[in-house]
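# model the following, please.
(one chain, ligands or ions: 1)
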Amino acid sequence: MSPTAEYADILARLADTLESRLPERGGDPRSSYSAGLLARGPDAFLKKIGEEATELVMAAKDGVPERIVSEAADLWFHTLVALTHYKLRPEDVLRELARREGVSGLAEKAARGSGGAP
Ligand SMILES: N=c1c2ncn([C@@H]3O[C@H](COP(=O)(O)OP(=O)(O)OP(=O)(O)O)[C@@H](O)[C@H]3O)c2ncn1[C@@H]1O[C@H](COP(=O)(O)O)[C@@H](O)[C@H]1O
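Numbering: from 1, shown residues only. Prediction:
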């Protein structure tokens, strides 16, 4: 099995787990880190997203592959917590990426009229 196929369902399964941690589903902050974040609301998990993004930048600057992967996983995880709060699914983001597939970022930018390199 290719690595892509092996991990294909992980985002959906993690999202299912996070939905079970929502306050209205009985998520218990005493036994679940994500239930604690979801109970505290957007200020808590949005702050974590900012922190994890910064940590990813620092790891990338240092160029240590294991740290880059670990920080990227932390960022993805906290982003999934945010999506869960807003009743969105990883599939919604994957659908948007699929929609963009094959559309050059430069062509898309030009169509918006902002033009130029990133
Ligand atoms: N993938 C993750 C995951 N990635 C990171 N983390 C947690 O995210 C936190 C990362 O924050 P930091 O690195 O800043 O560490 P920290 O200083 O301890 O965090 P803070 O106290 O500042 O929030 C750590 O507590 C990690 O354990 C995760 N916690 C949970 N999951 C998944 O979510 C599932 C449900 O977890 P619970 O909700 O805890 O049951 C788990 O089975 C996992 O699959």
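
# and stretch 48-67, what's buried?
Residues of stretch 48-67 classed as buried: 48-49, 52-53, 55-56, 59 (neighbour count, 16 or more other CB atoms under 10 Å). All C-beta atoms are positioned from the backbone trio N, CA, C, and that covers glycine.

# give the helix, strand or coil label for Val69.
What DSSP: H, G, I helix; E, B strand; the rest coil gives for Val69 is helix.

# out of the buried residues of stretch 48-67, which touch the ligand?
Lys48 (CB under 6 Å from any ligand atom).

# secondary structure and pLDDT added to the buried residues of stretch 48-67, as CSV?
Output for the buried residues of stretch 48-67, formatted as CSV (DSSP: H, G, I helix; E, B strand; the rest coil; pLDDT from 0 to 100):
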residue, secondary structure, pLDDT
Lys48, helix, 98
Ile49, helix, 98
Glu52, helix, 98
Ala53, helix, 98
Glu55, helix, 98
Leu56, helix, 98
Ala59, helix, 98
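
# ok, of the buried residues of stretch 48-67, which one's closest to the ligand?
Of all these, Lys48 has the smallest distance to the ligand: 5.9 Å, by CB to the nearest ligand atom.

# got a list of what that closest one touches?
By CB atoms under 8 Å, 6 or more residues apart in numbering, Lys48 lies in contact with 37, 78, 81.

# and which of those residues is nearest to Val103?
Using CB to CB, His78 is the member of these that lies nearest Val103, at 27.6 Å.

# measure how buried the closest one is and give me the count.
Using other CB atoms under 10 Å, the number of residues around His78 comes to 22.

# got the contact list for it?
37, 45, 48-49, 52.

# in TSV, list the buried residues of stretch 48-67 along with distance to Lys109.
Shown next, in TSV, are the buried residues of stretch 48-67 (distance: CB to CB, whole Å):
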residue	distance to Lys109
Lys48	30
Ile49	25
Glu52	27
Ala53	22
Glu55	28
Leu56	24
Ala59	28
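
# interface residues of this structure facing the ligand?
Contacts of the chain with the ligand, taken as CB under 6 Å from any ligand atom, map to 14, 17, 21, 32-35, 48, 74, 77.

# need the residues you listed in JSON lines with secondary structure, can you?
Converted to JSON lines, the residues of the chain next to the ligand look like this (three-state DSSP):
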{"residue": "Leu14", "secondary structure": "helix"}
{"residue": "Thr17", "secondary structure": "helix"}
{"residue": "Arg21", "secondary structure": "coil"}
{"residue": "Ser32", "secondary structure": "coil"}
{"residue": "Tyr33", "secondary structure": "helix"}
{"residue": "Ser34", "secondary structure": "helix"}
{"residue": "Ala35", "secondary structure": "helix"}
{"residue": "Lys48", "secondary structure": "helix"}
{"residue": "Asp74", "secondary structure": "helix"}
{"residue": "Phe77", "secondary structure": "helix"}
